[in-house]
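# Generate coordinates for the sequence data below:
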Amino acid sequence: MSTLPYPAFVEGRFFDILAANVMATTLSPRFSEGGNQLLDVFLDPADKELFVDWEGTLQCYVSSLRHAIGPDTDDYRFVELVGRLSLASSQFRDLWNRHDVRTQRGAPVLFDHPQVGELTLHRERLSISGTDGMTLVLYHPEPGTTDAERLALLASSSLEAAAGTGPDRRPSIRSQTDHR
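Numbers count the residues shown, from 1 in each chain. Below you'll find the model as predicted:
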């Protein structure tokens, strides 16, 4: 997965991040191994800034959790996750009580990244056969677009950060690309 040129991660059926490449964690720190997207999206205020369609994102996660669990409602991880979110988030409780069930699918996602501004990436979800609900999630831009340029700039900033030259030593990428 580390050789994929786009943000990619493997998630479990309860949206736990099991593995992630550098581009995924550069796109969002919440796409880091060991995190849980549901907890992050409902409990981390920074996530609200990243997703332009905040309400749609919340609805998608909750209805997808209902789909992922199916009839296995006695699963300890499921009970713990829903209990924690129900206690901590009124938004989660409201959406959970709607009982919507949908599967996540490939779709465009609009991000507002703090370094490169708005970019639309297509989300692809590929089931990993032989596993208990693991999915490879990949975000990619439309080739030849401003979104592809901005993702390439983000990729170069992640390489600079890894090399210790970081984006704080140059002008903001966002200011260089805001001429959309």
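# Could you identify the longest helix within this structure?
Criterion DSSP state H: the longest helix present in the chain is helix 146-163.
# Kindly export that helix (C-alpha atoms) in PDB.
Extracted in PDB, the C-alpha atoms of helix 146-163 (Å, rounded to 0.1, in the frame of the first residue of the first chain):
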ATOM      1  CA  THR A 146      -6.800  21.500 -10.300                       C
ATOM      2  CA  ASP A 147      -7.600  18.700  -7.800                       C
ATOM      3  CA  ALA A 148      -4.800  16.500  -9.200                       C
ATOM      4  CA  GLU A 149      -2.400  19.500  -9.000                       C
ATOM      5  CA  ARG A 150      -3.400  20.200  -5.400                       C
ATOM      6  CA  LEU A 151      -3.000  16.500  -4.400                       C
ATOM      7  CA  ALA A 152       0.400  16.500  -6.100                       C
ATOM      8  CA  LEU A 153       1.400  19.600  -4.000                       C
ATOM      9  CA  LEU A 154       0.100  17.900  -0.900                       C
ATOM     10  CA  ALA A 155       2.200  14.800  -1.800                       C
ATOM     11  CA  SER A 156       5.300  16.900  -2.200                       C
ATOM     12  CA  SER A 157       4.700  18.600   1.200                       C
ATOM     13  CA  SER A 158       4.500  15.100   2.800                       C
ATOM     14  CA  LEU A 159       7.800  14.200   1.200                       C
ATOM     15  CA  GLU A 160       9.400  17.500   2.400                       C
ATOM     16  CA  ALA A 161       8.100  16.900   5.900                       C
ATOM     17  CA  ALA A 162       9.600  13.400   5.900                       C
ATOM     18  CA  ALA A 163      12.900  14.900   4.800                       C
END
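# which strands and helices sit next to it?
helix 22-27, strand 117-127, helix 173-177 (3 or more C-beta pairs under 8 Å, 6 or more residues apart in numbering; DSSP states H and E). All C-beta spots, glycine's among them, are computed from the backbone N, C-alpha and C.
# can I get the ones you listed in TSV with distance to Glu55?
Shown next, in TSV, are the helices and strands packed on helix 146-163 (distance: least, C-beta to C-beta, whole Å):
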stretch	distance to Glu55
helix 22-27	21
strand 117-127	17
helix 173-177	24
